[in-house]
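>>> For reference, the sequence and a predicted model appear below.
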Amino acid sequence: MQSTFHLAYNVRDLDAARQFYGETLGCVEGRSTQTWVDYNFFGHQISLHLGEPFKTEPTGHVGDHLVPMPHLGVVLRMDDWNALAAHLESQGVAFIIPPSLRFAGEPGEQATMFFRDPSGNPIEVKGFKDQTNVFAT
């Protein structure tokens, strides 16, 4: 079954969110009102609402890192991940975890990068050479 994920969360400033999600990440804007805006987040729907973002803490032990929890993200094909990583680096995005490879040679080998939106919401983008390995054990 193929489906589209929907996630709604808070941001402090819709103009700053539009700049980041629309121009920095290249997501296409959808419907909106004065208090929220939808984006096509790599084929999935996110709804950004004005409000106080989730509290996050670096409590997720993954590989050699403590990753911010909660976080949202997407899994891309490796060529798309490489292009996005290069684009974000060229845009001067500050990374929590810079673009890197983890679990090299193991099941689930993946590229990853973590960064925050202007409201502090952590975002992870993963890349897999073979999408069938996303759930490999």
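Looks like it arrived, so ask away.

>>> where exactly do the strands run in this protein?
6-11, 28-32, 36-41, 44-50, 57-62, 65-69, 72-77, 95-102, 110-116, 122-128 (DSSP state E).

>>> The residue nearest to Thr56 when sequence neighbours are not counted and Ala17, how far apart?
With Cβ to Cβ, 6 or more residues apart in numbering as the criterion, Thr56 has its nearest non-adjacent residue at 4.5 Å, and that residue is Pro68. Every C-beta, even on glycine, is put in place using the N, C-alpha and C of the backbone. Remark: distance between Pro68 and Ala17 (Cβ to Cβ, to the nearest Å) = 18 Å.

>>> For the two, indicate the residue with more neighbours.
Remark: of Pro68 and Ala17, Ala17 carries more neighbours, 24 against 21, as counted by other Cβ atoms under 10 Å.

>>> Not counting sequence-adjacent ones, nearest residue to the more buried one?
Val11 (4.4 Å).

>>> And that neighbour, what's its pLDDT?
pLDDT for Val11: 98.

>>> Same check on the one 5 residues further on?
In this model, Ala16 is scored at 98, pLDDT.

>>> For the residue nearest to Gly127 when sequence neighbours are not counted, give me its contacts.
Setting aside the residues directly before and after it, Gly127 is nearest to Trp81 in space (Cβ to Cβ, 6+ apart), at 2.6 Å. Residues in contact with Trp81 (Cβ atoms under 8 Å, 6 or more residues apart in numbering) are Ala111, Val125, Lys126, Gly127.

>>> among those, which two are most distant?
Ala111 and Val125 (8.5 Å; Cβ to Cβ).

>>> list the residues that contact both of these two?
Common neighbours of Ala111 and Val125 (criterion: Cβ under 8 Å, 6+ apart): Trp81, Ala85.

>>> ok so, going back, in contact with the residue nearest to Ala17, which residues are there?
Contacts of Val11 by Cβ under 8 Å, 6+ apart are Ala17, Leu48, His49, Leu50, Gly51, Pro53, Asp117, Pro118, Ser119, Asn121.

>>> ok so, going back, including distance to Ala86, could the strands of the chain go into TSV?
As requested, the strands of the chain are exported to TSV (distance: least, Cβ to Cβ, whole Å):
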stretch	distance to Ala86
strand 6-11	26
strand 28-32	20
strand 36-41	19
strand 44-50	22
strand 57-62	23
strand 65-69	21
strand 72-77	13
strand 95-102	8
strand 110-116	11
strand 122-128	12
